[in-house]
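Enquirer: Sequence and predicted structure, then a few things I'm wondering about:
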Amino acid sequence: LADLTLRTVGTGTAFPDGVRTPTCNLIQYDGFSLVVDLGSGSLHKLARLGLDPRTISAVCITHAHFDHLTDLLPLLFALNVPGYERADDTPLTLVMSAETHRLLEGARAVFTDWLQPPPNKVREIVLQPGDSLELGPFSVETAFPHHTSSSLGYRFTLQAGRRPVLAIPGDSGPCDALSVLCRDADVAIMECSMPDSWPLPAHMTPGSLLDLAHAADIRHLLVTHRYPMVMGVDLPQLFEEAGRRMSLPDDMDEFTIPVH
Ligand SMILES: [Zn+2]
Ligand SMILES: [Zn+2]
């Protein structure tokens, strides 16, 4: 069995820092390229990785904040460029919540047909939290993280019950949905926006992340989406003392995850 690869394409936040671009993750397995979130700058970085926008298999959006979806519009625009049409018979699949889809429809009302690729080139799937979906080689489960009304968190499992299990809930504060999505995950990508000295209900702190890692028994936690005020916290030290495995990936870091 081939390995699965995961790239943290963009690990930044809504606040530009000149180093990291906003959220984007790329999961590739058996020729299927799944992008989770498309913050600004993501399309260019994916192209730098050799991923032609016409060959993206699916995009899942976690919520309708700008640091998670703005490059969805340039992606749809790119698929309209004459001479660069998507050749694949299989349409690009877009997955999002109903509220995120309403925002996309609103953008279409402004930008007209330029955000509407040719027929049969894109299929849009609107999910309610709790819905599940078969998406290429993945079984997708969803839940409603505590962040914003458009939120849709994801848990990806290779079909036929094979591991790994990848959890990408998107932005969230502590809540039951995180435990459901991250339960026994081989890899979970989690935000850590705020320090424990300044907790916000809709975001994680180092302390709440550690609690989640214990409660859900996450095997390897990848911590991204850190605002400048939490960058000084020594997360590796905190997790090492607690005996939990974690990493602080940079933009474009690659992880190879065995399939079994
Ligand atoms: Zn957000
Ligand atoms: Zn965010």
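Expert: Cool, the structure landed. Ligands and ions are numbered 1, 2, ... in the order given.

Enquirer: Quick check: buried residues in the longest helix seen in the chain?
Expert: Secondary structure of the chain per DSSP state H: the longest helix is helix 98-111. Using 16 or more other CB atoms under 10 Å as the test for burial, helix 98-111 gives 100, 101, 103, 104, 107. For the C-beta atoms, the positions are set from N, CA and C on the backbone; glycine is no exception.

Enquirer: For ligand 1, state which of the residues you listed is nearest.
Expert: Proximity of these to ligand 1 was ranked by CB to the ion; the top entry is residue 100 with 11.5 Å.

Enquirer: hang on, the closest one packs against residue 59?
Expert: No - the pair residue 100 / residue 59 is not scored as a contact, 11.2 Å apart, by CB atoms under 8 Å.

Enquirer: still on that earlier bit, next helix or strand past the longest helix of the chain?
Expert: Using DSSP states H and E, the next helix or strand after helix 98-111 towards the C-terminus is strand 122-127.

Enquirer: I'd like a version of the buried residues of helix 98-111 in a markdown table, one that adds distance to ligand 2 as further columns.
Expert: Below are the buried residues of helix 98-111 laid out as a markdown table (distance: CB to the ion, whole Å):
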| residue | distance to ligand 2 |
| --- | --- |
| 100 | 13 |
| 101 | 19 |
| 103 | 15 |
| 104 | 18 |
| 107 | 19 |
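
Enquirer: what about the closest residue to ligand 2 within the stretch 1-150 of the chain, which helix or strand?
Expert: The minimum distance from the stretch 1-150 of the chain to ligand 2, using CB to the ion, falls at residue 67 (4.3 Å). Using DSSP H and E, residue 67 sits within helix 66-69.

Enquirer: so what does that helix touch, helix or strand wise?
Expert: The helices and strands touching helix 66-69, judged by 3 or more CB pairs under 8 Å, 6 or more residues apart in numbering; DSSP states H and E, are strand 32-38.

Enquirer: Other residues contacting the strand it packs on?
Expert: 9-10, 23-28, 42, 46, 51, 55-62, 68-72, 75, 135-138, 154, 156, 168, 170 (CB atoms under 8 Å, 6 or more residues apart in numbering).

Enquirer: near ligand 1, which residues of the stretch 1-150 of the chain?
Expert: Within the stretch 1-150 of the chain, the positions near ligand 1 by CB under 5 Å from the ion are residue 65.

Enquirer: Contacts only, for the closest residue to ligand 1 within the stretch 1-150 of the chain.
Expert: For the stretch 1-150 of the chain and ligand 1, the shortest gap (CB to the ion) falls at residue 65, measuring 3.5 Å. Taking CB under 8 Å, 6+ apart as the criterion, residue 65 is in contact with 14, 148, 171.
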